[in-house]
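S.K.: Structure of the sequence below:
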Amino acid sequence: MIHKIDHIGIAAESIEKSLKFYSEQLQIECEDIEYIESQKVKVAFLPLGDSEIELLEGTDDDSVIKNFISKRGQGIHHIAFRVNSLEEEIKRLKELGIVFINENPSYGAGAAKIAFLHPKSTGGVLVELCEREV
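M.R.: Next comes the predicted model:
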C-alpha cells in the first residue's frame with residue numbers, strides 16, 4: 001500500500017549550484033550528500049516536512065541523470081511513493097499490467113529499497129516505489 005510521497009527527485013547539472021537556490025532563497029537546508037556509485041549519481045537530501053527533495057547529479061557521462069538532462073534539461077526527474085512492502089506492491093501492480101523498469105528491487109539513496117515503474121504505464125511520469133526501514 002502506498003502511504004505518502006517519500007521524495008521528489010530533481011535532476012541538477014550541479015548540486016552545489018542548485019543548493020544555493022534551495023538553501024538561500026527557499027531556506028530548505030541540505031541534510032546530507034551521498035554518492036551512489038552503482039547508479040553513477042550524487043544525491044543531496046533536503047528534508048521538507050515528512051517528505052524530502054532529492055537533488056540528483058550524474059557523476060559520469062553515461063549516467064541516467066546526465067542523459068535525462070541532455071534530453072530534457074534540469075527539472076523534476078521522478079516522484080517516489082513510500083510503500084510498506086515493495087515486493088507485495090510490485091506483485092500487485094504487475095497483476096494490473098503495470099510495466100516496471102526494474103521489477104527486482106535494488107538499493108538506492110538513503111538505503112531505501114526501490115523499484116521504478118516505466119513511464120509508459122504511468123502517464124509519462126517516472127514513478128519510484130520506495131521501502132524504508134523506519
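S.K.: List the buried residues in stretch 124-134.
M.R.: Across stretch 124-134, burial judged by 16 or more other CB atoms under 10 Å covers 126-131. No exception for glycine: its C-beta is placed from N, CA and C like everyone else's.
S.K.: And for it, what's in contact with it?
M.R.: For stretch 124-134, the external contacting residues (CB atoms under 8 Å, 6 or more residues apart in numbering) are 2, 6-7, 9, 77-86, 89-90, 105, 108, 110-117, 119.
S.K.: could you give the mean pLDDT of it?
M.R.: Stretch 124-134 shows an average pLDDT of 92 in the prediction.
S.K.: Also stretch 45-63?
M.R.: 96.
S.K.: just for the protein, where's the confidence low?
M.R.: Residue ranges of the chain with pLDDT under 70: 134.
S.K.: What ranges does this protein have for its helices?
M.R.: Assigned by DSSP state H, the chain shows helices spanning 15-19, 64-72, 86-95.
S.K.: and these as JSON lines, adding distance to E29 and mean neighbour count?
M.R.: Listed next are these as JSON lines, based on distance: least, CB to CB, whole Å; neighbours: other CB atoms under 10 Å:
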{"stretch": "helix 15-19", "distance to E29": "9", "mean neighbour count": "16"}
{"stretch": "helix 64-72", "distance to E29": "22", "mean neighbour count": "16"}
{"stretch": "helix 86-95", "distance to E29": "29", "mean neighbour count": "15"}
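S.K.: okay if I get these as JSON lines plus distance to E37?
M.R.: Below are the helices of the chain laid out as JSON lines (distance: least, CB to CB, whole Å):
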{"stretch": "helix 15-19", "distance to E37": "16"}
{"stretch": "helix 64-72", "distance to E37": "13"}
{"stretch": "helix 86-95", "distance to E37": "22"}
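S.K.: Thanks a lot, catch you later.
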